[in-house]
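Visitor: build me a structure from this.
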Amino acid sequence: FRRQAEEIRAKNSLNHPGIFEGPPPTDLDAVPGDRVDLYDADTCTFLGTVAKSDIRGFVEEWAEGTGEAPNDVYVLVESLEMFPDPKPSEEFVSLLKEAFATRDDLVLRWMPPAEEKLS
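Guide: Next up, the predicted model:
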């Protein structure tokens, strides 16, 4: 399993330059706007863009310092049954359910949103 995760990580990190090479920000409030990009830091997978309020409650409840960086939060699929109050949005819950469809654990990392690419 670990070998497979490393292969996924090596492949996916190429798609997200700068996201996984250095430490992520540690102050959610310092990020402009009301949304952040969410990744599974273990596999370098982009999960989606979420409201800061959703990730704030989740991080405060389950932040145990088990990740590689200050804002990495290790969560298990069982976390879906134990959301803290206030409850996160349906958008956030759906995003996590989709991520947990292929894995039983995630290392959530939030980052400032990537700039929109112009067409």
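
Visitor: what's near enough to touch the residue lying closest to Met111 once chain neighbours are set aside?
Guide: Once flanking residues are discounted, Met111 sits nearest to Asp37: 4.9 Å by C-beta to C-beta, 6 or more residues apart in numbering. Backbone N, C-alpha and C define where each C-beta goes, glycine included. Asp37 sits next to 46, 48-49, 110-114 when contact means C-beta atoms under 8 Å, 6 or more residues apart in numbering.

Visitor: if we go to 10 Å?
Guide: Asp37 sits next to 16, 19, 31, 46-50, 109-114 when contact means C-beta atoms under 10 Å, 6 or more residues apart in numbering.

Visitor: for Lys52, same thing?
Guide: Going by C-beta under 10 Å, 6+ apart, Lys52 touches 28-29, 31, 33-36, 59, 110.

Visitor: swap in Arg9?
Guide: 20, 40-45.

Visitor: just those: which has the poorest pLDDT?
Guide: Within the contacts of Arg9, Phe20 has the lowest pLDDT, namely 72.

Visitor: phi, psi for Gly48 please.
Guide: For Gly48, the backbone dihedrals (degrees, to the nearest 10) come out as phi 150, psi -180.

Visitor: quick check, it in contact with Leu108.
Guide: No: using C-beta atoms under 10 Å, Gly48 is not in contact with Leu108, being 11.2 Å away.

Visitor: who's more crowded, the two?
Guide: Leu108 (25 against 15; other C-beta atoms under 10 Å).

Visitor: mind listing what's buried in the one helix or strand that one maps to?
Guide: Assigned by DSSP states H and E, Leu108 falls within strand 105-111. Of the residues in strand 105-111, 106-111 count as buried by neighbour count, 16 or more other C-beta atoms under 10 Å.

Visitor: likewise stretch 14-29?
Guide: 16, 19-20, 24, 28.

Visitor: could those be laid out in JSON lines, adding distance to Phe83 and secondary structure?
Guide: Listed next are the buried residues of stretch 14-29 as JSON lines, based on distance: C-beta to C-beta, whole Å; DSSP: H, G, I helix; E, B strand; the rest coil:
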{"residue": "His16", "distance to Phe83": "27", "secondary structure": "coil"}
{"residue": "Ile19", "distance to Phe83": "26", "secondary structure": "coil"}
{"residue": "Phe20", "distance to Phe83": "27", "secondary structure": "coil"}
{"residue": "Pro24", "distance to Phe83": "23", "secondary structure": "coil"}
{"residue": "Leu28", "distance to Phe83": "18", "secondary structure": "helix"}
